[in-house]
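Engineer: Below are the sequence and a predicted model; questions follow.
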Amino acid sequence: MQSFPWLTTIGLVPLVGSAIVFALPGGLRHLARQIALVFSLVTLGLVIAMATQFDVSAAGTQQFTELYRWIPQFGVSYALGINGIGLTMVALSAVLVPICVLASWNIVETGDPAADDRRRVSFFALVLVLETMMVGVFAARDVFLFYVFFEAMLIPVYFLIGSFSGPNARYAAVKFMLYSLAGGLLMLVAVIGVYLQGPGGADGFLVDKLTGLDYSSAGIERWLFAGFFIAFAVKAPMWPVHTWLPDAAAQAPAGVSVLLVGVLDKVGTFGMITLVLPLFPQASRWAVPLVIVLSVISIVYGALLAIGQSDMMRLIAFTSVSHFGFITLGIFAMTSSAQAGATLYMVNHGFSTAAMFLIAGMMVLRRGSQRIGDFGGMQRATPLLAGTFLVAGMAGLALPGLSTFISEILVIVGTFSRYQAAAIIASVALVLSALYILLMYQRMMTGPVREPTRVLPDMNLREAWVVAPLIAVIVFLGFYPKPVLDVLNPAVATTMTQVGVEDPAPLTPLAADEGTNQ
Amino acid sequence: MNLILSGTAGAAAQAGAASGVQSLTWLLVGLPLLGAFVLMVGGRRTDRWGHWLAVLLSWAAFVIGAAVFLSVLGEPASERVSVQHLFSWVPAGAFSAEAALRVDTLSLTFVLLVTFVGSLIHVYSVAYMAADPDRRRFFAYLNLFVAAMLLLVLADNYLLLYVGWEGVGLASYLLIGFWNHNPSYAAAAKKAFVANRVGDIGLALAIASMFLVFGGVDFDTVLGGAQQDGLQYQGWMTFIGLMLLLGACGKSAQVPLQSWLGDAMAGPTPVSALIHAATMVTAGVYLVVRSGAVYQAAPTAALIVVIVGALSLLFGAIVASAKDDMKKVLAGSTMSQVGYMMLAAGLGPVGYAFAIFHLVTHGFFKAGMFLGAGSVMHGMDDVVDLRRFGDLARTMRITWLTFGAGWLSIIGFPFLSGFWSKDAIIEAAFVGEGWRPWVFGSVAMLAAGLTAFYASRMFFMMFHGRKRWDTGAHPHEAPPLMTVPMIVLALGSVFLGGVLTIGGAFVNWLTPVVGEAAEEEPVLSVPVITAITLALVAIGALWAWRQYAASDVPVVQPRGSLATVAARRDLFQDDVNEAVFMRPGQYLTRSLVFADTKGVDGAVGGIAGMVAGTAGWLRKFQTGFVRSYAASMLVGVVVLLGALVVVR
């Protein structure tokens, strides 16, 4: 398809924005955030325009494809394209970046305007670079290109975590880097390995060329699977390689945590469903029991750890460990409803976690502490912050009527039709999530107004603009998730075919008859 | 099988599309939801008129409900079911669920009860909450509560029902914790939500099993399938039945998930009326009755429903007999009365209609009693201790009369509403073979005596005997906005049961959904059952008279016997929960937090651990780190390309 290069354009716009921000002369540096906001909004507009061109009926195939030889000597191509899952992920990134820019408006306030502006320039330039990387990683259809984006992304993230807040930010950033590096190196080996197993040639790294390979032995496929899977599990983050996340999320500015947990971690689960399953179908089926066990542990473990946290940013990070457990469970349960639930969860979790991190960030900014115990009675002092935080929290505990419920119940229902025990243990999270959210709410928002919190100002207009779109999306997708599911279903169906699995049939013949009627 | 489920078997053909006034059904949910939305988003701007908007929308829902009811009433019994398809809601792979509402005689019964009693409670609250600065927020939550409950009873599939189900949970959380600046009230709200969530696991897994067995979750597929093939998959039917029961126990505060109900009294009193009479606790009974076809195919699960009902019946009555907090007596009473309904629902077709019948009469008399209690609190500066009332009959005439109507109704005084519905359940409990009718019938009968005792004890301690008021108390009657709803509910408590019994009207009305019960005689003859029951009721009431009206009531709570102390402590329910779940859970969480930072992190992140251990080295390491990383990546790429060249 040689039509308009949507994906390249969408990737380039923030990069150009970043260059402009970075090159701002001293006198204009205070405009960095405005410029960043404009560029991220233009990107969002382009993504919306692209989405209107997306052929929903063919959402299982790659669309807006672009293919150029890049390093033909080594089989590397510049190949882009998105199916339904890729589209939702690009859209998620494009929505969250302007929100995070707006939320980070006053980041770095030291009292020295010139110095603040200088550091804001680097902050917003890095955020825009990161957006380019995110679009690239979700759109890459060449394994080598994917790897390049996957790794290059670490650099802006490293600086974003380490340089702008938190007393132990450096430590957290290094920890993030080491974990990602370890995973990345394993993946690097597997990237070479899978190429060697493939047909080779000038475009030998294309995902399409590497799908449906006849591996020389099951052992090799499994080793390659492991290389990719571990890298993605670190990113996801899955138990037991999750420990970098709470530190990173607790130390990074809230806006960065949103991009880190809401989007970057999705690269892990996105890689699982769009690379690992199609490239290594037999090994994936072989690994199902192990992945399911790890997912269930992540769900319960993350939730229990969240209950035990005294730092709200760490708490939110651990809730994500639990939620990512649901996503990986859904992906590897190998039923269409569970995978639809998991991919929908990837979208929903992005919005609900963003709302939680950002509102928590607003409170941290006011109180100067992220310890839950330092708050109390906030509902009286700041009713808007408390109310919206409750809505975000309710999305976190998957309250029906909000978007996350549908994805969570789909994962449970879809998993149950194959792996009952796993689904039953996973459903314990229903209670645990109620505990971690409501305990936090109780300790921070209810009770008598305390002296230090009495005078805190409520949400201002800019902050309301940060939160309102998120809440609107969370509520809307709770009532009407069909537009997203329509895009995801065909992509999931394609994946199921590639892996070679079918949905288990219902037990009763009656239901089977009725199913065909619909 | 003697059960006719025209609402299920082959109902796909029978359930016509909604037309005429029935196509307005969605407004039943939509209007109160709109009210909640406007009041919450509108904020302080709606303070002045917000409560009236909520009242108006709630009554509007009742009017639509009544119009739909009249149009359905005009149709022959077999056609009294229609489904309104709104939109495709969750199409996800093999799974799909519609946003569709089902109007049939069962859902309409609930619609009328919820909107009528709910609207009366709205009106009452206008005056009751007049002095509260957050009255608007209160009405937003009330509207949300009504909307969620209506969605629960109107949903045409279990997934949509689940939305209403948890919506009710959310609304109750918000309302119980309405005064959450008081820490113990905030804790009570959380407790209610968490206990309900334990039940929700049951509902979620039931939905998952339905999809596994039947491939769908709408009522036609599941209930029709259960009726047709259920006996072949008895194991699964039992599992589904038990999971649904778990959900029902959470929402309806039945053993073992009852512990939240007493604490839920933290909410303003109209909330208690709403939770206990029209919404929330009745949801579990609705779920069991609606899923009758599943229980028909799973006798074990049905038996456990009866046992849970019987246990809750006694548990609640015993607790209610010992409490001195007026609202907690009513809470125990609710648990006990819902136990009656649950028991009846577990009996099968013979009990379904009576379970719902008692639910309706209970909706009136319990709401009336709660509003009466609220009126007493209003007149007595929010005192709730029965020992500090006495002789209020003189100063609060209307409250005395309306509460008295509720009292006579709940104890089953002949020919009042509660008499008809409760007597029917006791008779049904005596139907059957073997040991069951004797055990369950006796429990139901004994509980009638206990009910008479605790309800009379409360009534006498409030309105009769010596004045035991605090100094400075000036009891006075409530304003008409409060007394009129109380009077309406009192009239219902007196007459509704009798009216609905004429010609078996209510039972016939429900037959299209719950089926026709086979004619079976109780193991004792009906007059004997009625006579013994009335005798027990008389004994209970007279004993209460002797203890709490004829003789003096000490203002300070006496120590009481071991049994009394146990009942006052809710039969140690919280102690058990704390010992079995809470403390081990806290211990587990704490150890995991410790292990995660020391163990998992340390083991996995050996390198990171080393970094953390040597701070000086760390600083050095960081400054050039990204450069060295970039270098290492470069090396990696070179190695990669080199490897490729070599291999080629």
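Structural biologist: Done, it's in.

Engineer: hang on, B:Val285 packs against B:Ala248?
Structural biologist: Yes: counting by C-beta atoms under 8 Å, B:Val285 touches B:Ala248, with 7.2 Å between them. Quick note: C-beta positions are derived from backbone N, CA and C, even for glycine.

Engineer: mind checking how far B:Val168 is from B:Ala60?
Structural biologist: 20 Å (C-beta to C-beta, to the nearest Å).

Engineer: Those two: which is more packed in?
Structural biologist: Neighbours around B:Val168 and B:Ala60, counted as other C-beta atoms under 10 Å in any protein chain shown, are more numerous at B:Val168. The numbers are 25 against 18.

Engineer: List the residue ranges of the chain that fall below the pLDDT cut-off.
Structural biologist: Picking chain A for this. Low-confidence segments of chain A (pLDDT under 70): A:1-2, A:166, A:509-518.

Engineer: um, chain B though
Structural biologist: B:1-19, B:599-648.

Engineer: what domains does the record give for it?
Structural biologist: B:299-568, B:605-648 (automatic domain parsing).

Engineer: Any idea which of the ones you listed gets closest to A:Pro289?
Structural biologist: Closest of the domains of chain B to A:Pro289 is domain B:605-648, at 26.2 Å (criterion: C-beta to C-beta).

Engineer: returning to that earlier point: what's the overlap in contacts for B:Val285 and B:Ala248?
Structural biologist: Listed contacts common to B:Val285 and B:Ala248 are B:Met342; contacts here mean C-beta atoms under 8 Å, 6 or more residues apart in numbering or on different chains.

Engineer: Neighbour count: these two, which is higher?
Structural biologist: Neighbours were counted for B:Val285 and for B:Ala248 using other C-beta under 10 Å; B:Ala248 has more, 30 against 27.

Engineer: burial measure for the spatially closest residue to the more buried one that is not a sequence neighbour, as a count.
Structural biologist: Excluding the flanking residues, the one nearest B:Ala248 by C-beta to C-beta, 6 or more residues apart in numbering or on different chains is B:Gly284, at 3.1 Å. Neighbour count of B:Gly284, defined by other C-beta under 10 Å: 29.

Engineer: so which helix or strand takes in B:Gly284?
Structural biologist: Element membership for B:Gly284 (DSSP states H and E) is helix B:281-290.

Engineer: That helix - contacts with which helices or strands?
Structural biologist: Secondary-structure packing of helix B:281-290 (3 or more C-beta pairs under 8 Å, 6 or more residues apart in numbering or on different chains; DSSP states H and E): helix B:105-128, helix B:135-154, helix B:158-176, helix B:234-252, helix B:326-346, helix B:349-379.

Engineer: and the residue of the stretch 301-450 of chain B nearest chain A?
Structural biologist: At 17.2 Å from chain A, B:Ala301 is the closest residue in the stretch 301-450 of chain B, using C-beta to the nearest C-beta.

Engineer: so how far is B:Arg102 from that residue?
Structural biologist: 23 Å.

Engineer: Relative to chain B, which residue of chain A is the closest?
Structural biologist: A:Ser336 (2.6 Å).

Engineer: Roughly how far does that residue sit from A:Glu502?
Structural biologist: To A:Glu502, A:Ser336 is 9 Å away according to C-beta to C-beta.

Engineer: what is in contact with those two at once?
Structural biologist: A:Met496.

Engineer: give the contact list for residue 403.
Structural biologist: In the absence of a named chain, this looks at chain A. For A:Ser403, the contacting residues are A:347-348, A:351-352, A:395, A:473-478, A:481, by C-beta under 8 Å, 6+ apart.

Engineer: ah, I was thinking of chain B
Structural biologist: B:368-369, B:372-373, B:459, B:462-463, B:486 are the contacts of B:Phe403 under C-beta under 8 Å, 6+ apart.

Engineer: one more time with 10 Å, if that's ok
Structural biologist: B:365, B:368-373, B:375-376, B:392-393, B:396, B:458-459, B:462-463, B:486, B:490, B:493 (C-beta atoms under 10 Å, 6 or more residues apart in numbering or on different chains).
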